[in-house]
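J.: heads up, no residue letters with this:
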């Protein structure tokens with residue numbers, strides 16, 4: 001199993017389309033900093049507990065990750081402290097960062113950290129035959145339906161996957 005450092009917004013995308021369990025079909029262990037789970041996964045109530053039951057694992061920052069997160073907060077103005085913690089975990093541990101947050105993705109690119117988002121998860125689910133084409137298209141259609149509201153994904157990328 002491969003570890004992935006997780007931001008919160010991906011989970012909200014999958015929750016909005018009623019498919020919160022789907023990412024857990026992939027052979028990954030999703031990590032999220034302990035305080036981020038407690039402070040950021042509050043709405044809707046119990047989403048954090050639900051994700052923990054599905055397999056999301058809380059993790060503590062190592063000393064190196066803590067100091068790197070502090071450095072990243074000073075270096076990048078847009079990502080939150082929790083975003084910088086997720087990035088620090090990914091960078092120090094040499095793992096992928098799971099996020100759809102634009103400023104965090106840019107910071108990860110600048111830090112040479114691989115990134116995967118909601119669409120990357122769906123692409124891997126389809127390619128690995130964890131879901132069929134009907135389920136994939138349903139997810140894309142639902143993301144399109146909620147795009148611009150609770151979901152913020154590139155419309156072009158969503159539509160491209162329907163062809």
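T.: Yep, it's here. For clarity, every value in this text was computed on a predicted model and none was experimentally measured.
J.: and the spatially closest residue to residue 57 that is not a sequence neighbour, what helix or strand is that in?
T.: Counting by C-beta to C-beta, 6 or more residues apart in numbering, residue 31 is the residue found nearest to residue 57 once chain neighbours are left out, at 5.4 Å. C-beta coordinates here come from the backbone N, C-alpha and C atoms, glycine included. If you go by DSSP states H and E, residue 31 is part of strand 28-33.
J.: Other residues contacting that strand?
T.: Residues lying outside strand 28-33 but in contact with it, judged by C-beta atoms under 8 Å, 6 or more residues apart in numbering, are 1-8, 23-24, 41, 55-61, 82, 85-86, 89, 95, 98.
J.: Among those, name the ones in helices.
T.: Counting by DSSP state H, these place 82, 85, 86, 89 in helices.
J.: Tell me which residues touch residue 136, please.
T.: The contact partners of residue 136, taken as C-beta under 8 Å, 6+ apart, are 122, 125, 126, 161.
J.: And it, which helix or strand is it part of?
T.: Under the assignment given by DSSP H and E, the secondary-structure element containing residue 136 is helix 133-146.
J.: same question, residue 37
T.: helix 34-40.
J.: quick one: average pLDDT of that helix?
T.: In this model, helix 34-40 has an average pLDDT of 78.
J.: Run the chain-centre distance for it.
T.: Put simply, helix 34-40 sits 14 Å off its chain's centre (C-alpha atoms, centre = their mean, to the nearest Å).
J.: From the contact counts, what lies against it?
T.: When contacts are defined as 3 or more C-beta pairs under 8 Å, 6 or more residues apart in numbering; DSSP states H and E, helix 34-40 packs onto helix 47-54, strand 57-59, helix 81-93.
J.: can you list contacts of that helix?
T.: When contacts are taken as C-beta under 8 Å, 6+ apart, the neighbours of helix 34-40 outside the stretch itself are 8, 48, 51, 52, 56, 58, 59, 60, 82, 85, 86.
J.: Quick one: residues contacting residue 141.
T.: Residue 141 is in contact with residue 162, counting by C-beta under 8 Å, 6+ apart.
J.: And for residue 140, the neighbour number?
T.: Per other C-beta atoms under 10 Å, the neighbour tally for residue 140 reads 21.
J.: surely it meets residue 161?
T.: Yes: under the criterion of C-beta atoms under 8 Å, residue 140 lies in contact with residue 161, with a separation of 5.1 Å.
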